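A.B. asks: Sequence and computational prediction follow.
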Amino acid sequence: MSTLLISHPACMQHETGISHPERPERLTAIAQALATERFTALDRQEAPRAALALIERLHPRSYIEGILDAVPKNGSRHLDSDTVLSPASGEAALRAVGAVVAAVDAVAHGKAHNAFCPVRPPGHHAEPTTAMGFCIFNNVAIGAHHARAVHGFRRVAVVDFDVHHGNGTQAAFWNDAEMFYASTHQWPCYPGTGAGHETGCAHNIVNVPLPPGSGSEAFRHGVTERIVPALRAFKPEFLFISAGFDAHARDPLAGLELGKDDFAWVTRALTHLAAECCDGRVVSVLEGGYDLSALAESVAVHVEGLMAARKGTS
């Protein structure tokens, strides 16, 4: 089995405006990075459009329809100061969710070992009834609910190494003991959530806030000493990664000092744990990352790590 790469051209047609950091060129940079010979073994597929019923596992139908009704026929419309809709945004958002759901199906059925979904708009800031932070639908949280509802995986985990805390995913999992969310992120920083004491009603949330200027040592210590033991104790049956690469030292939106080697390292750490706990079942979903060259090199080592991962032996 191979690593599945699943996206859709519609995700590149979501226009956010001049100077907006979450721009179509992000996916162009990723596509170019993954077009080299060392990625020829990837199984590349186009994402289906998600049915609204799939999205309703997290977002109320009134919210979904309100978003789709707000998509402009021309020009742009702001949902907040950062989150923009263009004429193609509804299709892009539906394909982004569709990519993650299709990836879950492929991994659950043994048609792919693991998967990476380079999609936009990103998702981890989207709360059940609120779009924010460039995010419209929470792609990874919807995928987690799909893994449980359709494939019967009761214990599902998301690990998020985006530089910004995934408030939307945390909100979606807060009261659910069979969902686990862990995040490393800069603190203080947008969106203002993710303090260490935020553990969820079921103590299923692990936040590792890192001060500005933190580098490799602090990041790796947080993953090794906080997230991996909690994840191992949780014993997930399916693991998702919210793969944001804006903690890179060259990224313009925050101030952590990570490099591509850190993203390669955390990918190995998470895939090794997945092999131990859940037969290697991993779906990784793109979140942030706004310096194009840093994003491209970081995604490349992340996908290499997924391709090198082994299935569990337990």
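C.D. replies: Yes, it's here. Numbers count the residues shown, from 1 in each chain.
A.B. asks: and the strand or helix carrying residue 98, what does it pack onto?
C.D. replies: Here residue 98 sits within helix 89-108, counting by DSSP states H and E. Contact analysis of helix 89-108 by 3 or more C-beta pairs under 8 Å, 6 or more residues apart in numbering; DSSP states H and E lists strand 3-7, helix 52-55, helix 61-70, strand 114-117, helix 139-151, strand 238-243, strand 282-286 as its packing neighbours. Yep, even glycine has a C-beta here, placed from its N, CA and C like the rest.
A.B. asks: Make CSV out of those and add distance to residue 89 and mean pLDDT.
C.D. replies: Formatted as CSV, the helices and strands packed on helix 89-108 follow (distance: least, C-beta to C-beta, whole Å; pLDDT from 0 to 100):
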stretch, distance to residue 89, mean pLDDT
strand 3-7, 16, 98
helix 52-55, 14, 98
helix 61-70, 9, 98
strand 114-117, 17, 98
helix 139-151, 14, 98
strand 238-243, 20, 99
strand 282-286, 16, 99
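A.B. asks: Can I get these in CSV including mean neighbour count?
C.D. replies: Shown next, in CSV, are the helices and strands packed on helix 89-108 (neighbours: other C-beta atoms under 10 Å):
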stretch, mean neighbour count
strand 3-7, 24
helix 52-55, 18
helix 61-70, 15
strand 114-117, 29
helix 139-151, 25
strand 238-243, 28
strand 282-286, 29
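A.B. asks: out of those, nearest to residue 162?
C.D. replies: Closest of the helices and strands packed on helix 89-108 to residue 162 is strand 238-243, at 5.8 Å (criterion: C-beta to C-beta).
A.B. asks: on that earlier part again, how big is the angle separating the helix holding residue 98 from strand 238-243?
C.D. replies: Put simply, helix 89-108 runs at 140 degrees to strand 238-243, going by axes from the mean of the first three to the mean of the last three C-alpha atoms, to 10 degrees.
A.B. asks: and helix 89-108, how far out from the chain's middle?
C.D. replies: Helix 89-108 sits 12 Å away from the centroid of its parent chain (C-alpha atoms, centre = their mean, to the nearest Å).
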